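J.: no sequence for this one, just the structure:
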Ligand code: HEC
């Protein structure tokens, strides 16, 4: 029964229903983050985190291992958004001034 519930939850995740975005700051990439990152859990899982780009990359890789269907282009958009809005402070300043 438990396995079945997990399977159902994972199936729902595939359709990533937006609706938990109230805490996410506006900005480029927000729509992608809402679509890809709020299907399995709410945005509250990451809005209180501060990580540099490597840290967020590890998180996104972990989510892909959990079953998130994120291609390389979306991953880059997500990483840029997360690093800019939820980065370590000195790093996010750098990203704002000349992101690449
Ligand atoms: C396939 C489902 C799924 C998707 C899609 C998903 N996650 Fe997760 N996420 C999980 C699971 C499962 C956990 C671990 C249990 C929990 O904390 O809810 C988790 C936990 C987390 C955590 C807390 C653990 C940590 O490493 O700090 C963060 C942050 C996180 N997710 C961020 C994201 C981001 C950012 C995205 C979009 C790139 C995302 N998640 C998309 C399933 C998913």
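T.: Received, thanks. The structure presented is a predicted model; accordingly, all values stated were derived computationally and were not measured. Numbers count the residues shown, from 1 in each chain.
J.: Quick one: distance of stretch 47-61 to the chain centre.
T.: From the chain centre to the centre of stretch 47-61 is a distance of 9 Å (C-alpha atoms, centre = their mean, to the nearest Å).
J.: So for it, what gets flagged as buried?
T.: 51, 53, 55, 56, 57, 59, 60 (16 or more other C-beta atoms under 10 Å). The way it works is simple: take the backbone N, C-alpha and C, and place the C-beta from them, glycine included.
J.: got the contact list for the first one?
T.: Same thing as residue 51. Listed by C-beta atoms under 8 Å, 6 or more residues apart in numbering, the contact set of residue 51 reads 59, 82, 83, 86, 87, 88.
J.: Would you mind giving the secondary structure of it?
T.: coil (DSSP: H, G, I helix; E, B strand; the rest coil).
J.: Can you check the pLDDT for it?
T.: Residue 51 is assigned a pLDDT of 95 by the prediction.
J.: Quick check: it vs residue 66, distance?
T.: Here residue 51 is placed at a distance of 17 Å from residue 66 (C-beta to C-beta, to the nearest Å).
J.: Equivalent analysis for the fourth one, please.
T.: For residue 56, the distance to residue 66 (C-beta to C-beta) stands at 15 Å.
J.: Give me every residue in this structure lying close to the ligand.
T.: By C-beta under 6 Å from any ligand atom, the part of the chain that sits against the ligand consists of 13, 36-37, 39-41, 45-46, 49, 59-60, 62-63, 66-68, 70, 78, 82.
J.: let's go with 8 Å and repeat that
T.: When proximity is defined as C-beta under 8 Å from any ligand atom, the chain approaches the ligand at 10, 13-14, 16, 33, 36-41, 45-46, 49, 51, 56, 58-60, 62-64, 66-70, 75, 78, 82.
J.: Just the buried ones among those residues, please.
T.: Applying 16+ other C-beta under 10 Å to these flags 13, 16, 33, 36-40, 46, 51, 56, 59-60, 63, 68, 70, 75, 78, 82 as buried.
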